[in-house]
Structure formats: C-alpha cells, structure tokens
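Engineer: Just a sequence and a predicted model for now, questions to come.
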Amino acid sequence: MKSKKPRVAIQGIRASFHEEAAFKYFGENINTVECNSFKQTFEALKNGDADYVVMAIENSIAGSILPNYSLLLTYSFPVIGEIYLPIQLHLMALPGVTFEQIRYVTSHPIAIRQCVDFFDEYPHLKIVESNDTAACAKRIRDEQLTDTVAIANTLAARLYDLEVLERRIESNKKNYTRFLVLTTHENAHVSKPNKASLCFQVSNEVGALAKVLNIFAEQGINMSKIQSMPVLGKPSEYNFYVDVEWDDNKKYDQTIKLILKYTHNFNILGEYRRHEEEGISMRPSLSAEKEKRKYIEVKKIN
C-alpha cells in the first residue's frame, strides 16, 4: 500500500539542508528518502522508491552546481517548484562541552569555507572536512565526541541532541541556496505557473544566440538566469539552460513558439510557480536585453 506521506528523495541524511528545503516546500509530514548522491535521488524517483526529488541547483556564493544541470536533461523529470533557503550555520557540540575543550571542527567543505571569518579567530582549531553537514552532527552524537564540534543547521542540533555553542557563524548573512523540486510526469500538474526552466541549443553561427535573447526582450519575458554547458563529445556546441518568468501566460506561449524557429533540441524542463518570499533573491533580476548584452560580451560564444 502506497504511503500517504510524500516520499522525498534528498542527497544526504536527515536534518541536512536538503531536508530543511523539503520541509519548507512540503511541510514536515513527509518520508525522507536518504541518498548518497544526486544521481541516486533521480534513480529513487525512476525506480518508484520516491515520489519527489529536492535538489540544490545554485548557491548565491558558490554559484551553479553544474553536474545537476546534466541530471535534469538526462532523466527528464519535470521541475514543479523551487525553494530559496537561507543558509544559516551554527557551531554545535554534545551537551555540557565547553568551547575550551574543542580541538576539531567538522563539516562539509563548502560550509567550512562560508565560516572562514569565524575560524580566523581560532587558528588552533583543526578543520576536518566531511561529505555532509548533518552526518557530522550525527557522528558527534554516535561517537560521543567531546573534543569535536560540527557546523550544521538547527534541524541537526535538534535531531541529534546537540547544543548550539555559537549561532550564525557564516561570514555572509545573506547566503541562499536555490533548490528545485522534481517529480514524475504523472504528478507534474502545476496550477497557474509563472516560471519555467528551459534548455536548448542554437546553431554555431554569428548572432544565433542573440536572436533568441532578442525574442525574450521583445515579448517582455524576464530572464532570471542563463547557464551554458558544453555538449559532451561535440566541440563548440553548448546547451543553454535558461530560467524565465512572466505575468502574461499568452506572452510566454507566444515566446516559446517564436524561439522554436531558432533553436534545436529544445526542452521545457519544467513550468512552475516562482518562489515568492520577501527579502529572498539569488541575484538582482535581469531583463533579457541586459542579460543579452552581458552574456555576449563575456562569453563571446557566437
């Protein structure tokens, strides 16, 4: 019998930032499917072991997670939503452990790099990198380590019975990660979408990409992100991943019809509701015209 709770596949273990993002989107009444890699989350969805995948796609400091774009195209599961999660990092230890007892700090390398200002003040602490923030917290609990602290979120502290010694030790207090929510085509209906993730290629000739970007600008469709990745085994060919937003659905439909004339291998990776939360933005929104000029000047692909 199928569980009534949505089964959500995440990279990492419970109390990771991926589970926090899943809670933010679905609520806490879910069954978390722990996976060792992003590819395993897609395999869980493919094999029917999960109903949804929540996957990080970009961070406001570290940038795009490029291998995950390839997974989107390879598996072709539709994107049905997005979450912007503020990344708040805390220092945690076993209850009763004092700061003077600490010799080691363990966490994911990206989390550690986001706290360099804090650790510059404590050069005697030895940094130990691991593959998951929540797993570091769990290890402290399981092995009862009294000389080690973890950098993780409040979910990890609560789940693994740790005490927060220092809160918000991240250097940048406006750090966000964007997560995508994916599912099977059978569950992919989204009411009144106003954002889409697209992927396409253009011919390798002067102005080919500019023609497509001009269409977005002329139709008044906002392009919030553009990312290029080389096509494996095909020199000088690129996949362009583009996120677009709109208020007029007819304008969006017309735009898609127009750009089909100038692209090939065109894919709509998903149509969904954009995340709406005051004060949260991965970057300033860019009009298609501004993005076109910026992209052509920097990349010089065409």
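Structural biologist: On my side now, so go ahead. Because the structure is predicted, anything quoted here is derived from the model rather than measured.
Engineer: Tell me both backbone torsions, phi and psi, for Met223.
Structural biologist: The phi/psi pair for Met223 (degrees, to the nearest 10) reads phi -100, psi 110.
Engineer: That one: how many residues sit nearby?
Structural biologist: 22 (other CB atoms under 10 Å). Yep, even glycine has a C-beta here, placed from its N, CA and C like the rest.
Engineer: got it, and the one 5 residues further on?
Structural biologist: By the measure other CB under 10 Å, the count of residues near Ser228 is 14.
Engineer: Do I have it right that it meets Ser236?
Structural biologist: No: under the criterion of CB atoms under 8 Å, Ser228 makes no contact with Ser236, lying 11.8 Å away.
Engineer: Asn131 - that's part of a helix, no?
Structural biologist: No: Asn131 is assigned coil when assessed by DSSP: H, G, I helix; E, B strand; the rest coil, not a helix.
Engineer: which SS state does Thr74 fall under?
Structural biologist: helix.
Engineer: quick one: contacts for it?
Structural biologist: Phe42 (CB atoms under 8 Å, 6 or more residues apart in numbering).
Engineer: any idea how far it lies from Cys35?
Structural biologist: Taking CB to CB, to the nearest Å as the measure, Thr74 falls 16 Å from Cys35.
Engineer: Tyr252 too?
Structural biologist: Taking CB to CB, one finds Tyr252 at 33 Å from Cys35.
Engineer: How about Phe118?
Structural biologist: On the measure of CB to CB, Phe118 and Cys35 end up 30 Å apart.
Engineer: what about the two, which has more around it?
Structural biologist: Cys35 (21 against 18).
Engineer: Across the sheet, point out what pairs with that one.
Structural biologist: Using DSSP bridges, the bridge partners assigned to Cys35 are Gln11, Gly12.
Engineer: Arg211 - that's part of a strand, no?
Structural biologist: Small correction: residue 211 is Lys, not Arg. No: looking at Lys211 with three-state DSSP, it is helix, so not inside a strand.
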